[in-house]
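Q: Give me the fold of what follows.
(one chain, ligands or ions: 1)
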Amino acid sequence: MRVTVVGAGIMGLCTAHALAKAGHRVTVLDQAAFLPNPAGSSVDRHRLIRYAYGGKIGYAAMVADAYAAWDRLWADLGERHAVETGTLALGRGVEPWITDSARDLDAVGVPYRWIEPKDIPARFPPLTGRGIGRAFHTATGGALLADRIVAALVRRLPALGAAVRYDARVAGCAPATATVTMAGGETVAADRLVIAAGPWVPALLPDLAARVTPSRQAVVYLSAPAAMTDRWAGMPMVLDIDRSAGFYAVPPLAGQGLKIGDHRFSLTGDPEGDRSVAQAALDAIVAEAAEQLADVDRYRVGHAKACFYAVAPDERFIVEPVADRTWVMTGFSGHGFKFGAVMGERMADTLLGRNDPAAMTAWAAGLGSADGSGSTSAA
Ligand SMILES: Cc1cc2nc3c(=O)[nH]c(=O)nc-3n(C[C@H](O)[C@H](O)[C@H](O)COP(=O)(O)OP(=O)(O)OC[C@H]3O[C@@H](n4cnc5c(N)ncnc54)[C@H](O)[C@@H]3O)c2cc1C
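A: As a prediction, the model looks like this:
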């Protein structure tokens, strides 16, 4: 089967990888001048994988499958790009995110321990514990080294017979015939078309503009002074991400600095626009972090990056047929990367007729149950 994939982010690349491994003829098209595309949502130093899902049990139940799919990818790549850190979940906001997340872990059988908020500074020395009502720690969860994964896939695909074209902007598509028209006028026809265009998707499928909102989000890298290095040794990732809070921190790992960010959606911005991070936005993230990071003034503020979420209603992924021969994968709402490998495998299986399309859509929308039932075939 010939398949065209629009978008060389994690979703397009993993789908292309699974199809190419199965012996199909795949062409990946990306508008970026080079790959990995630094403006894509998938390209940053890391993305987190966690079971704590604030009550979205369907997604918590997908995480074990996500880990298994990453393991299959590492085996194929001959490289592993992930670091397990464990997860410290903090409850500071007004929503029951933390108790709902604990219930997710109960439901999927992942062990965790409640932590007394007053014990946080002693047990996790970089943190203040200020304002925390509840907290738990689980040894599960960690960081996927996102830019390395994307780069490894871009290198691997040609060896599997797939074509990966950069500087290849798709100007329009005809879903019924699985055909795209390039910005230069060339047409590319295939048996199946997958549009994995992240926050740019409304330009190709205007009907999705009502459901997918690009959301500019900034992250900031900090350098801890040498005297604080010991404090960070063995630290888990820190999440306080209900919609009224929004702080997360990724400890220094794999030679990368401490990353902090705010998960609350800006729901503004144009992915084609300026990507510089204004001083005020940077200051706001550091100020939010100051509540939780002890001695924040001692850190050096380094690199900042603006990146886009493609936010869908209720943060549920949109993986749907657009016509008989065309699927769209978008709306990953700031939490899709962890599922890239498993999403790609199952998208490929669906295109190949091995999955029920309606079950694929429901599973990707996080509507499966804790035991994984209502899901698609195991990839
Ligand atoms: C700051 C930030 C933090 C995040 N943290 C996490 C996290 O901790 N854990 C997690 O699981 N997820 C996280 N996410 C979300 C995750 O990164 C995304 O869900 C995921 O990367 C989406 O991948 P994608 O392939 O859909 O989109 P993208 O990576 O954006 O790829 C889309 C590609 O399509 C190309 N394209 C678009 N239009 C066209 C066209 N017309 N022609 C040709 N090419 C086109 C683009 O150039 C782009 O390269 C985070 C996202 C951000 C921004």
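Q: Tell me which residues are up against stretch 147-158.
A: Contact partners of stretch 147-158, identified using CB atoms under 8 Å, 6 or more residues apart in numbering, comprise 8-10, 13-14, 16-17, 20, 26, 28, 35-36, 40, 42-45, 73, 76-77, 79, 81, 164, 340. C-beta: built from backbone N, CA, C; applies to glycine.
Q: among the residues you listed, which are in helices?
A: 10, 13, 14, 16, 17, 20, 73, 76, 77, 340 (DSSP state H).
Q: Give me the subset of the contacts of stretch 147-158 that also touch the ligand.
A: 8, 9, 10, 40, 42 (CB under 6 Å from any ligand atom).
Q: Let me know the closest of those residues to the ligand.
A: residue 9 (2.1 Å; CB to the nearest ligand atom).
Q: near the ligand, which residues of the stretch 251-379 of the chain?
A: Counting by CB under 6 Å from any ligand atom, the stretch 251-379 of the chain sits next to the ligand at 261, 307, 308, 309, 330, 332, 334, 335, 336, 337, 338.
Q: And those, which two are furthest apart?
A: With distances taken as CB to CB, the most widely separated pair in those is 261 and 330, at 21.3 Å.
Q: how about the helices in the stretch 151-300 of the chain?
A: 201-204, 229-232, 279-290 (DSSP state H, counting those that start in this stretch).
Q: Out of those, the one nearest residue 241 is which?
A: It's helix 279-290; of the helices of the stretch 151-300 of the chain, that one is closest to residue 241 (CB to CB) at 11.7 Å.
Q: Which elements pack onto the closest one?
A: The contact analysis (3 or more CB pairs under 8 Å, 6 or more residues apart in numbering; DSSP states H and E) places helix 279-290 against strand 213-223, strand 247-250, strand 258-262, strand 300-311.
Q: In terms of helices and strands, where is residue 64?
A: Assigned by DSSP states H and E, residue 64 belongs to helix 57-77.
Q: Quick one: mean pLDDT over that helix.
A: The pLDDT scores in helix 57-77 average 98.
Q: And the next helix or strand after that helix, what does it pack against?
A: Helices and strands here follow DSSP H and E; after helix 57-77, the next one along the chain is strand 82-84. Applying 3+ CB pairs under 8 Å, 6+ apart, we find strand 82-84 packed against strand 142-144.
Q: quick one: strands adjacent to the strand it packs on?
A: Partner strands for strand 142-144, per DSSP bridges, with pairing direction: strand 47-49 (antiparallel), strand 82-84 (antiparallel).
Q: Relative to the ligand, which of those strands is closest?
A: strand 47-49 (3.3 Å).
Q: Tell me if that closest one is near the ligand.
A: Yes: using CB under 6 Å from any ligand atom, strand 47-49 reaches the ligand at 47, 48.
Q: What is the distance between that strand and the centre of its chain?
A: 7 Å (CA atoms, centre = their mean, to the nearest Å).
Q: Take the helices and strands packed on helix 279-290 and lay them out in JSON lines including mean neighbour count.
A: Below are the helices and strands packed on helix 279-290 laid out as JSON lines (neighbours: other CB atoms under 10 Å):
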{"stretch": "strand 213-223", "mean neighbour count": "21"}
{"stretch": "strand 247-250", "mean neighbour count": "23"}
{"stretch": "strand 258-262", "mean neighbour count": "23"}
{"stretch": "strand 300-311", "mean neighbour count": "19"}
